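J.: need coordinates for the below:
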Amino acid sequence: MFEVAVIEDPVAAQAALDPARARLLGEPAEPASAATPAGRLGSPRQEVHHHLRARERPGPIEPAEERREGNVIERVMRGTAASSVISPVALAAVAPDPARAPDQLSARWLLAVAARLVRDVGHLVAAAARARRRVATFTIDGEVRFASAADRAAFAQRLAEAVTALAGEYHDEKAEGGRVHRLIVAMHPYVANGQDGDVEGGVR
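T.: Reported below is the predicted structural model:
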């Protein structure tokens with residue numbers, strides 16, 4: 001089972017956004033029929049089966065096996081990931097475009113860039129799964145506590161200069177067989193345990 005699954009199919013995304021179906025997202029972590037989550041959630045078996053089928057195409061649920069008992073065939077489902085994220089590909093009509101209004105100091109532009117990141121990595125993960133290969137990625141996740149807004153601005157400036165210099169050192173426009181990689185560096189006020197945190201301290 002993967003840690004995160006990216007949902008790109010519009011039908012699967014619609015199913016995941018439905019409140020009743022969303023409750024089932026974490027249910028079939030182990031192979032189980034509709035009767036198992038139905039019992040835990042107190043929902044009719046037929047209703048759960050309908051929701052699972054809607055989420056199956058393609059999404060965080062996949063068929064595991066079929067069991068025949070007399071004239072009844074029971075389809076056993078299993079989760080493909082512990083959690084899911086919906087790619088902007090599934091909502092193409094309203095997907096944000098980072099190229100529309102680039103602004104390094106805009107929180108909304110950061111959202112657009114993050115959405116593009118989900119879209120692109122989702123494509124890479126799907127392609128790598130089909131080819132049974134790993135995706136070459138590198139991630140830095142850290143925290144920086146600034147004493148003042150001026151320090152934050154100075155850090156952002158030096159970070160931009162350092163990344164630009166490093167990228168210039170290794171970027172080779174004419175390298176034969178070279179492959180272009182997208183580089184994203186993001187910084188935002190720290191949010192603790194799903195709470196707002198120091199939001200005011202991060203507002204310009």
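
J.: under the pLDDT cut-off, which ranges of this structure? List them.
T.: Scanning the chain for pLDDT under 70 picks out the ranges 1-3, 16, 18-65, 67-68, 72-82, 193-204.

J.: can you spell out the domain ranges of the chain, please?
T.: What automatic domain parsing lists as the domains of the chain is 2-85, 91-202.

J.: next, the buried residues of stretch 98-108.
T.: The neighbour-count check on stretch 98-108 (16 or more other Cβ atoms under 10 Å) flags P98 as buried. In this view, the C-beta of every residue, glycine as well, is placed from N, C-alpha and C.

J.: quote the end-to-end distance of it.
T.: In stretch 98-108, first residue to last residue: 9 Å (Cα to Cα, to the nearest Å).

J.: so which bits of the helix of greatest length in the chain are buried?
T.: The residue-count maximum for a helix in the chain (DSSP state H) belongs to helix 107-131. Buried residues in helix 107-131, counted by 16+ other Cβ under 10 Å: 109-110, 112-116, 118-119, 121-122, 125-126.

J.: and that helix, what does it pack against?
T.: Under the contact definition 3 or more Cβ pairs under 8 Å, 6 or more residues apart in numbering; DSSP states H and E, helix 107-131 sits against strand 2-7.

J.: tell me the helix or strand right after the strand it packs on.
T.: helix 10-17 (DSSP states H and E).

J.: V135 is in contact with V125, correct?
T.: Yes - between V125 and V135 there is a contact under Cβ atoms under 8 Å: 6.1 Å.

J.: okay, and the beta partners of I86?
T.: I7 (DSSP bridges).

J.: and the strands in the protein?
T.: Ranges of strands within the chain are 2-7, 61-69, 72-79, 81-86, based on DSSP state E.

J.: identify the residues contacting the longest helix of the chain?
T.: Helix 107-131 has contacts (Cβ atoms under 8 Å, 6 or more residues apart in numbering) with 6, 8, 85, 87-89, 95-98, 100-103, 134-135, 137, 182, 184, 186, 188.

J.: all good on my end, thank you.
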